[in-house]
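Enquirer: okay, sequence plus prediction incoming.
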Amino acid sequence: MPSIELKSAGSIDPLVVPRHAVQQRFRQPKKNIPQTVFERIRVLDVVRNYVAEFNPVPPVPMAELKEHADRVVGLLRCDPIYRDYIGVVLSNEMWRESLASVPYERRLLLLPKCMRVEAKCPAPFDEFGLLCKQCGLCTIQDLTVEAERLGYAVLVAEGSAIVMSIIQTGKIDAIVGVSCLSVLEQAFPYMEAAAIPGVAIPLLQDDCIDTTVDLDSVWEYIHLTSEDRTWRLDLGALRDEVDFWFTSASLDLIMGAADGETERIGRQWLGRAGKRWRPFLTVAAYQALRGDAGTPLPDDLRKVAVAVECFHKASLIHDDIEDNDALRYGEKTLHEEHGLAVALNVGDLLIGEGYRLLASCRVSAEQRTRMLQVAAEGQRQLCRGQGAELCWARRPQPLKPNDVLDIFRRKTAPAFDVALRMGALCAGVEQHDEVFEVIGKYSEALGIAYQIRDDLSDLGFGGETNDIAGMRPSLLLAVAHDKAHGEKKDLLASIWRRAWPDGVTPEQVEALYAELGASHRAEVLLGTFKEEAIRSLNGLENHNFKGLLRRTLGKIFNDIEIKGWCKEHEHLTRSNGARVFEAAQA
């Protein structure tokens, strides 16, 4: 089987991505529902709040489900075109606790055959559906293997007759299904009549061939269990609380009043805009691993979270100086605003503040020692990664994609690793090697994916820090140079060497990215490392920690995009002017 081999950039096992799967994975759909709409209206958060408040008890008849969906559409003030999807999410949330209480061995995973790569799939069919040959061309293999490992029965088939026959065996107490909305519509009455707990994940694009699905959602539902007590945790509210800790008044309470101009500048920088994923990860890990869930967050956790952000913000100050960047968060960088010497000093101060906060925590001596060791080792790893980039900058030459991924691993992954380990240590997890081994693998994959996403988001001068203009190692530039030939390869090599050719603009270079497939390849690698982060959790026995890390990954990337429905549903909608709910009532 022809494949693209991605050599490991560290402890991650080598990944082999089927070439055809790479081509299909980001196939453009025929119609889109903009991703930004779903990010803006936060459908899932609103639905969960709605279900918690009104507590509709499943099974809910289709007509009643339609009424609930209409109310949620009203609450969201969104286009009614989203009602079908909202109905699915509502039904899922109503059944979530029931599904979680069903043992894995009494569940069925139902996958559609259209997820296969039809032109190359070697799997035959029998009366029950597709007999997967585990060729690796599509995601059916990964989902099947993991579900069967947990104890699921798995079928790759479609149609209400299959669902009904399975229900009638009495051997299945819950169903996790992936399908287009039209098939979900047909199966719904049978599940409603049998009161079988079921959740459904809609396919992400048009047509009934080579389709894809939001894998994060599928993995979450497959692993859903009542042993995970963190799924109700409101990650949005938790992140808002962490953000509040970085207001001026809160920082004074946590760190003590600022003394002198240097400390005031440091506090201002610490409180500036930013995603604050690292302190959020610290708190999330603590919430998942602590033994007294439900009690208020301790003051020491606030100190640890702020310490983690102190280390991160110090690294940004120094990075901006080393990269000669003029802007950060849309404002002047610290060295542009206050001068190089002051910025260096403030960065050093924040590192010291981080260690001071950790040392002042009222935890056991063992915990405190381990936290200081983790922080010191993370600092060393980060400096090594930045050092590799700085050494390259002295004699810049073209880098291979794996070389850039290795820089990403060494520069970005350590901060995520430190954040998670700090939360675990604060919760008292000191001897659990299993947890720390998983944290290492998860952080490495997360860090690489995060940096790839930043590379993609920096495209164009609308990006905050354009890598072409900043002359930094870029995965896109590495992939483009690797794929180019002749004059184009010479041009990209000149850019790597910082010998910018006359008359060539960054826009032209980015056009080359698209022409050579570099942007597409980067998107594939982003998905690959996100999936690697999810797979790293497979052996984790702590259901709370596993569930929360999986949800956190989705929270960080927040990239669910519903791209339209299959032809059958589209034809139904056009022919009778109704949505799925009306068709099911008829």
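Expert: Done, it's in. Everything numeric here is computed off the predicted structure, so don't read it as measured data. Numbering: from 1, shown residues only.
Enquirer: from here on, contacts and neighbour counts on C-alpha atoms
Expert: Will do.
Enquirer: where in the stretch 1-150 of the chain is pLDDT low?
Expert: 1-42, 115-138 (pLDDT under 70).
Enquirer: now swap in the stretch 301-450 of the chain and tell me
Expert: Residues of the stretch 301-450 of the chain that meet the criterion pLDDT under 70 lie in 430-433.
Enquirer: all the strands of it, in order from the start?
Expert: Using DSSP state E, counting those that start in this stretch, the strands of the stretch 301-450 of the chain run over residues 327-328, 331-332.
Enquirer: show me where the stretch 1-150 of the chain has its helices.
Expert: Assigned helices in the stretch 1-150 of the chain, in chain order: 19-25, 35-41, 43-54, 62-76, 83-101, 140-150 (criterion: DSSP state H, counting those that start in this stretch).
Enquirer: most neighbours per residue, which of those?
Expert: Mean neighbours per residue, mean count of other C-alpha atoms under 10 Å, is largest over those for helix 83-101, with a mean of 21.
Enquirer: tell me if I'm right that residue 534 and residue 442 touch.
Expert: Yes: using C-alpha atoms under 8 Å, residue 534 and residue 442 qualify as a contacting pair, with a distance of 7.5 Å.
Enquirer: of the two, which one has the most company?
Expert: Neighbour tally, residue 534 and residue 442, criterion other C-alpha atoms under 10 Å: the higher count belongs to residue 442, 27 against 23.
Enquirer: do you know the pLDDT at residue 216?
Expert: Note for residue 216: predicted pLDDT of 70.
Enquirer: how far away from the center of its chain is the strand or helix carrying residue 281?
Expert: Secondary structure from DSSP states H and E places residue 281 in helix 277-289. In terms of C-alpha atoms, centre = their mean, to the nearest Å, the centre of helix 277-289 is found 15 Å from the chain centre.
Enquirer: what helices and strands are in contact with it?
Expert: Using 3 or more C-alpha pairs under 8 Å, 6 or more residues apart in numbering; DSSP states H and E as the contact criterion, the secondary-structure elements in contact with helix 277-289 are helix 235-244, helix 299-323, helix 401-426, helix 543-557.
Enquirer: in the second one, what's buried?
Expert: For helix 299-323, burial by neighbour count (16 or more other C-alpha atoms under 10 Å) applies to 300-318, 320-321.
Enquirer: who are the packing partners of the helix of greatest length in the chain?
Expert: With residue count as the measure and DSSP state H as the assignment, the chain has helix 365-394 as its longest helix. Contacts defined by 3+ C-alpha pairs under 8 Å, 6+ apart place helix 365-394 against helix 340-359, helix 401-426.
Enquirer: tilt between it and helix 401-426?
Expert: Helix 365-394 and helix 401-426 are oriented at 160 degrees to each other (axes from the mean of the first three to the mean of the last three C-alpha atoms, to 10 degrees).
Enquirer: in helix 365-394, which residues are buried?
Expert: Residues 367-368, 370-372, 374-375, 378-379, 381-383, 385-386, 389, 392-393 are the ones in helix 365-394 that count as buried (16+ other C-alpha under 10 Å).
Enquirer: who's in contact with the helix holding residue 281?
Expert: In this structure, residues lying in contact with helix 277-289 by C-alpha atoms under 8 Å, 6 or more residues apart in numbering are 230, 238-239, 242, 293, 301, 304-306, 308-309, 415-416, 419-427, 429, 544-545, 548-549, 552, 556.
Enquirer: now for residue 527: which residues touch it?
Expert: Residues in contact with residue 527, defined by C-alpha under 8 Å, 6+ apart, are residue 449.
Enquirer: with residue 147 instead?
Expert: Neighbour list for residue 147: 109, 153, 154, 222 [criterion: C-alpha under 8 Å, 6+ apart].
Enquirer: could I get those residues as TSV with neighbour count, distance to residue 251 and secondary structure?
Expert: As requested, the contacts of residue 147 are arranged in TSV below (neighbours: other C-alpha atoms under 10 Å; distance: C-alpha to C-alpha, whole Å; DSSP: H, G, I helix; E, B strand; the rest coil):
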residue	neighbour count	distance to residue 251	secondary structure
109	23	48	strand
153	19	52	strand
154	19	52	strand
222	23	41	helix
